[in-house]
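Visitor: sharing a model prediction with you, sequence too.
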Amino acid sequence: MSTPVLELSGISKRFGAVQALSDVDLRIDAGEVVALLGDNGAGKSTLVKVIAGAHAADGGRILWEGEPVSITRPGDAQRLGIATIYQDLALCDNLDIVANLFLGNEQMRLGTLDEVEMERKARELLDSLSVKIPSLRVPVASLSGGQRQIIAIARALLGEPKVVMLDEPTAALGVAQTAQVLDLIERLRDRGLGVILISHNMADVRAVADRAGVLRLGRNAGDFQVEETSYEEIVAAITGASDNPVARRNERVAASQTGDE
Amino acid sequence: MAAQQTPVAAENGTAEPQSPADPRLIVTRTSPAGLLAAGLRRLRGGELGPVPVIVGLIVIAAVFQSLHGRFLSPQNLSNLTVQVAAVGLMTTGVIMVLLLGEIDLSIGSVAGVSASITAVLAVRYGLPEWVAIAAAVAAGLAIGLLQGTIFAKVGVPAFVVTLAGLLGWQGLQLQLLGGDGTINVSDSGAIAALTQTYFVPAVGWFVAVVAVGSFALSTAFGERRRAAAGLTAKPVGEQLLRTALLAVPVFGAVAVFNQFKGVPLAFLIFVGFVVAFDLMLRKTRYGRMVFAVGGGAEAARRAGINVDLIRISVFGLASMLSALGGVILVSRSFSASLDTAAGEELMMAIAAAVIGGTSLFGGRGNAYSALLGGLVLGAITSGLYLLQMGTPVRYMITAVVLLVAVVLDAVSRRSRKAHARGG
């Protein structure tokens, strides 16, 4: 097997008396969509924040392309090539699409903003993602939820990341808009990016994910090939109802702890 | 074909050259009728731009001219522009703060402190006047950085921090002036020169030609680059129209000034700062960051922008411009007193920004609001003075104008929401 682009092993994180993550493993290959599943409070958000550098892990190892790295700040993750797209608050409503795409990474020319080059690149990028948006000079507040999500994802791609982490990208989207976003996720995979998809929506997961990693009460509760696994099996792993050794062990260990996040 | 009304409207003058136009995009035709239609569409969509304030300015001028024949005389107009310079500089600063969605209530007191520092250093300590001016402006910067740091790093609301500043710096102003109450400065030094200097006609024309010429050239080159990059560019006709719309007021103003004493230095300083801040806001990375923080601080932070630094620096710049406004106040009255900038200056500066079209809701506005809003308030003051009506009437009229401006802002904000064009 080739070296995974990002591999986490034995990650643990605690907040005061709460052990949010204990001994969590996760592996992402290039050109692979990995769904990260789990019930509320399972530790998904904490794991995302550890990978994105918003929280430093208390223990465990992170391997980037086989090399051990430490991610303690958001900048560390960005430098490695991990882009995180949160479901909200990612765009400035008053700025237009071009300005949002290049925010914090503006192209300059003679000491001033190079609007021409930015607009050209933005058009090129959106065309390459087969995204149709009529004018790039409208404030993003005028866009639909799906378009906003797509702009947020496109924005992350400008940094040429190798791993893209999407937090509930289809929450609050309509049917057609969800399909647009899922199309885009498949295009990211075709570009050879590793995609981590955090979702509650099992239909989305089955539609685009190659693998599904399940968290339950801050621990690994299964790693499934989505195509070979039934819907019931995954749901069972999420809820802890399945009769398998992993789940039984997790429940035993979890019972001895006070709670989770 | 009639353009469909859809949520996404075209930008003024855009037309997709290469890729087949998206059927949802309203393509603006470049004929005069097409441009007019696009303009009306923007107005209905709540993008009023500078239209209401320019219309207001014309109405005010017409009314006062009909009531008093000297209102539009070169002398009155020239004096008017010198009078608006001090508060105008304060307005330019407060616009930066409003763009962040914050407020600075201390600008009047900062101007007062700066005025007293200027006078105390120049007269009581006998320092060269330019040193006194520089020290006052530096003190303003320091005050702003201090207030900005308390706001950004400690998290105290800007309203409260600057309210404390409003009280505290006014106290310092009284303390500095001490028993004297009023300190008179020389009427022939560097301080007085700021508002007593007028340029000979040739200088005024030169400045006008350079300003309009550089606008025309940068527009032409910019649009050529856009076209070369395969982007939608404004047609030559529209470029010429925009240049003409700038050239008429610029050359007109210089012509009027030259009929009196020439272009006043104070007004040139004010306009210079407005243009500089406009370029900074629109063309530099820093300006983009200011808008980003005003539009969504969390999104800006995630984009790697140092939000605290932006906030602190904006408060610093605002106070620095207020301090400069304070120096101009000293220059105009040849003195710093307990009353300098202690009265209506704060209210007028914030009112001018809003009247000029900068939103109180953050993230939307431009530096030219300071010029337009300042001229509106200056015209009202000047006109009522000619009509020998006092402060009571002026306050009430200013209040109505301010209210109209805020109502326009709120309504256009709602309209933009309804037309999905952003908050």
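Guide: Cool, the structure landed.
Visitor: residues from the stretch 151-300 of chain B in reach of chain A?
Guide: By the rule CB under 8 Å from any CB of the partner chain, the part of the stretch 151-300 of chain B lying against chain A is B:222, B:225-226, B:229-231, B:282-285, B:288, B:291-292, B:294-296, B:298-300. C-beta coordinates here come from the backbone N, C-alpha and C atoms, glycine included.
Visitor: what about the residues you listed, which are in helices?
Guide: B:222, B:225-226, B:282-283, B:285, B:288, B:291-292, B:294-295, B:298-300 (DSSP state H).
Visitor: and those residues, which of them are buried?
Guide: Buried by 16 or more other CB atoms under 10 Å in any protein chain shown: B:R225, B:R226, B:K283, B:R285, B:R288, B:F291, B:A292, B:G294, B:G295, B:A299, B:A300, out of these.
Visitor: then A:R14 would be within a strand, right?
Guide: Yes - A:R14 sits within a strand when classified using DSSP: H, G, I helix; E, B strand; the rest coil.
Visitor: tell me what it is bridged to.
Guide: A:Q19 (DSSP bridges).
Visitor: quick one, strands of chain B?
Guide: Assigned by DSSP state E, chain B shows strands spanning B:182-184, B:335-337.
Visitor: between the ones you listed, which one is nearest to A:F15?
Guide: Nearest to A:F15 among the strands of chain B is strand B:335-337 (56.4 Å), distances taken as CB to CB.
Visitor: now for the closest one, which elements pack on it?
Guide: helix B:107-119, strand B:182-184 (3 or more CB pairs under 8 Å, 6 or more residues apart in numbering or on different chains; DSSP states H and E).
Visitor: just put the buried ones among the ones in helices among the residues of the stretch 151-300 of chain B next to chain A in a markdown table and tack on pLDDT.
Guide: Formatted as a markdown table, those follow (pLDDT from 0 to 100):
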| residue | pLDDT |
| --- | --- |
| B:R225 | 91 |
| B:R226 | 90 |
| B:K283 | 93 |
| B:R285 | 94 |
| B:R288 | 94 |
| B:F291 | 95 |
| B:A292 | 94 |
| B:G294 | 93 |
| B:G295 | 90 |
| B:A299 | 88 |
| B:A300 | 89 |
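Visitor: quick check, nearest of those to A:D210?
Guide: Checking those one by one against A:D210 (CB to CB), the nearest turns out to be B:A299, at 30.5 Å.
Visitor: quick one: contacts for that closest one?
Guide: Contacts for B:A299 (CB atoms under 8 Å, 6 or more residues apart in numbering or on different chains) come out as A:L89, A:A90, A:L91, A:C92, A:L103, B:A292.
Visitor: apply 10 Å and report the result again.
Guide: Each residue near B:A299 by CB atoms under 10 Å, 6 or more residues apart in numbering or on different chains is listed here: A:86, A:88-93, A:95, A:100, A:103-104, A:140, A:152, A:155, B:292-293, B:305.
Visitor: ok, A:E67 next?
Guide: Counting by CB under 10 Å, 6+ apart, A:E67 has contacts A:T3, A:L80.
Visitor: show me what it bridges to in the sheet.
Guide: Under the criterion used here (DSSP bridges), A:E67 is bridged to A:W64.
Visitor: just give me the neighbour total for residue 159.
Guide: Just going to use chain A. Other residues within reach of A:G159 by the criterion other CB atoms under 10 Å in any protein chain shown amount to 15.
Visitor: that's the wrong chain, I meant chain B
Guide: Counted with other CB under 10 Å, B:F159 comes out at 13.
Visitor: does it touch B:D104 like I think?
Guide: Yes - B:F159 lies in contact with B:D104 (CB atoms under 10 Å); the separation is 9.2 Å.
Visitor: what is in contact with the two at once?
Guide: Contacts common to B:F159 and B:D104, judged by CB under 10 Å, 6+ apart, are B:F151.
Visitor: for residue 190, which non-adjacent residue is spatially closest?
Guide: Just going to use chain A. Sequence neighbours aside, A:G31 is the residue nearest to A:D190 in space, at 7.6 Å (criterion: CB to CB, 6 or more residues apart in numbering or on different chains).
Visitor: the intended chain is chain B.
Guide: Among residues not flanking B:A190 along the chain, B:E129 sits closest, at 3.9 Å (CB to CB, 6+ apart).
Visitor: can you pull the contacts of the one you found?
Guide: B:118-119, B:121-123, B:185-186, B:189-194, B:327, B:330-331.
Visitor: measure it to B:L141 for me?
Guide: 19 Å (CB to CB, to the nearest Å).
Visitor: got it, and B:G88?
Guide: 19 Å.
Visitor: tell me which of those two has more neighbours.
Guide: Applying other CB under 10 Å to B:G88 and B:L141 shows that B:G88 carries more neighbours, namely 32 against 21.
Visitor: that one and B:A111 touch, don't they?
Guide: No - at 11.9 Å, B:G88 and B:A111 do not qualify as touching, with contact defined as CB under 10 Å.
Visitor: common neighbours of these two, please.
Guide: B:L321, B:G325, B:I328, B:A349.
Visitor: and B:G171, how far from chain A?
Guide: From B:G171 across to chain A, the span is 37 Å (CB to the nearest CB, to the nearest Å).
Visitor: can you check B:L408 too?
Guide: For B:L408 relative to chain A (CB to the nearest CB), the value is 18 Å.
Visitor: quick one: contacts for the closest residue to that residue other than its chain neighbours?
Guide: Excluding its sequence neighbours, the residue lying closest to B:L408 (CB to CB, 6+ apart) is B:P52, at 5.5 Å. Taking CB under 10 Å, 6+ apart, we find B:P52 in contact with B:L43, B:I355, B:G356, B:G357, B:L372, B:V404, B:A405, B:L408, B:D409, B:S412.
Visitor: can you check A:L26 too?
Guide: A:4, A:6-9, A:11, A:34, A:36, A:47, A:50-51, A:62, A:196, A:211, A:213, A:215, A:220, A:223.
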